[in-house]
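Peer 1: need coordinates for the below:
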Amino acid sequence: MNRLNELTPARVRRVGWEALRDKLGPAGALKFILDYDRGEGDYTELRRKIFQGKTVKNIIQDMKSSIP
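Peer 2: Okay, the predicted model is just below:
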């Protein structure tokens, strides 16, 4: 695992998870992952803008119409 080109993204995630789990335990590792990336922006405000003026029925219709 010393060679950078052998570290695929999937392998990095797996080895990283194993390291966190070994050091922190399963619950601690999960807590770290959940706390690590909180995203950015204001999701509540974005949601209000996206769905402004729409009913639940409209949203469901939009979702159904986007299915190929």
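Peer 1: so who does Glu18 touch?
Peer 2: If you count contacts by CB atoms under 8 Å, 6 or more residues apart in numbering, Glu18 has none. Any C-beta I mention is one placed from the backbone N, CA and C, and that applies to glycine too.
Peer 1: start at 33 instead
Peer 2: Got it, the first residue is 33 from now on, which makes the last one we talked about Glu50.
Peer 1: that one and Val44: what is the separation?
Peer 2: Glu50 sits 11 Å away from Val44, going by CB to CB, to the nearest Å.
Peer 1: buried stuff in the helix ranked longest in the chain?
Peer 2: Taking DSSP state H as the criterion, the chain has its longest helix at helix 41-68. Neighbour-count burial for helix 41-68 flags Leu52, Ala61 (criterion: 16 or more other CB atoms under 10 Å).
Peer 1: the helix or strand following it: how far from the chain's middle?
Peer 2: Sequence-wise, the next helix or strand downstream of helix 41-68 (DSSP states H and E) is helix 75-82. Centre-to-centre, helix 75-82 and its host chain are 18 Å apart (CA atoms, centre = their mean, to the nearest Å).
Peer 1: contacts only, for the most centrally placed residue in the chain.
Peer 2: In the chain, the C-alpha nearest the mean C-alpha coordinate belongs to Asp69, at 8.1 Å (CA atoms, centre = their mean). Counting by CB under 8 Å, 6+ apart, Asp69 touches no other residue.
Peer 1: from Gly48, how far off is it?
Peer 2: According to CB to CB, Asp69 and Gly48 sit 13 Å apart.
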